[in-house]
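J.: need a structure here:
(one chain, ligands or ions: 3)
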Amino acid sequence: MTKSIYLIGFMGSGKTTIGKKISRELQLDFADMDEVIEKRLNKSIPMIFKDKGEAYFRIQETVVLKQLKVPIIATGGGIIERSENRIFMKENGIIIYLRTSFTEIQNRLKDDNERPLWVNGDSKKLYKKRIPLYENIADFTIDTEKYRKEEIIKKIKGIISFQ
Ligand SMILES: Nc1ncnc2c1ncn2[C@@H]1O[C@H](COP(=O)(O)OP(=O)(O)O)[C@@H](O)[C@H]1O
Ligand SMILES: O=C(O)C1=C[C@@H](OP(=O)(O)O)[C@@H](O)[C@H](O)C1
Ligand SMILES: [Mg+2]
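T.: Numbers count the residues shown, from 1 in each chain. Ligands and ions are numbered 1, 2, ... in the order given. A predicted model of the protein is given here:
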């Protein structure tokens with residue numbers, strides 16, 4: 001395993017779920033960036049946003065991104081917000097974009113209250129702003145509605161086996 005696999009995509013696209021499954025099936029180390037940040041700060045994401053604000057969270061994201069050296073990394077949906085994150089992932093990894101329609105995201109996150117930017121603010125506007133950012137840096141794009149989870153995992157396994 002030379003380069004890390006970065007899973008990117010909007011909130012609810014399945015980065016955490018799929019990343020965990022792949023790491024289990026391939027016996028590869030995995031990191032979910034949100035989990036790493038929550039453990040480091042001993043605070044939930046909502047509490048970090050509430051107590052420290054989004055800007056502070058974004059700084060923590062960049063610090064963690066640059067420190068993580070494991071094969072499979074599930075990023076947070078906003079990792080593409082900062083250009084230094086985009087550049088770092090492009091230079092240090094293989095980027096797989098889990099593409100999901102906004103309607104499907106709404107279905108998956110309808111009861112969610114763990115994502116401050118989903119619960120508050122204009123998530124549709126955020127979605128539209130971010131899609132080009134995901135698309136521009138992706139080395140591979142997988143439609144998470146067109147394929148079942150098992151098929152998504154099989155595709156990612158294929159990408160890993162070729163690198
Ligand atoms: N391919 C998929 N099809 C249907 N539901 C999914 C899929 N991937 C993830 N989910 C569900 O969507 C929700 C968000 O998944 P999660 O892995 O936390 O996404 P992310 O880390 O990208 O925000 C969870 O309830 C999860 O079970
Ligand atoms: O889209 C975003 O800005 C965020 C997505 C979340 O991760 P998931 O994409 O895993 O939900 C988490 O990093 C935080 O709530 C911010
Ligand atoms: Mg996640």
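
J.: residue contacts, the residue nearest to Leu41 when sequence neighbours are not counted?
T.: Excluding its sequence neighbours, the residue lying closest to Leu41 (CB to CB, 6 or more residues apart in numbering) is Ile48, at 6.0 Å. Yep, even glycine has a C-beta here, placed from its N, CA and C like the rest. Taking CB atoms under 8 Å, 6 or more residues apart in numbering as the contact definition, Ile48 lies against 37-38, 41, 56-57, 60.

J.: rerun at 10 Å
T.: Taking CB atoms under 10 Å, 6 or more residues apart in numbering as the definition of contact, the neighbours of Ile48 are 34, 37-38, 41, 54, 56-57, 60, 116.

J.: quick one, phi psi at the spatially most central residue of the chain?
T.: When the chain is reduced to its mean C-alpha position, the nearest residue by CA atoms, centre = their mean turns out to be Thr75, at 3.0 Å. Geometry field for Thr75 lists phi and psi as phi -80, psi 170, criterion degrees, to the nearest 10.

J.: got it, and the one 3 residues further on?
T.: In this entry, Gly78 is assigned phi and psi values of phi -100, psi 10 (degrees, to the nearest 10).

J.: that one contacts Thr62, correct?
T.: No: shown here, Gly78 and Thr62 do not form a contact pair, counting by CB atoms under 10 Å, at 11.0 Å.

J.: fine, thanks again, bye for now.
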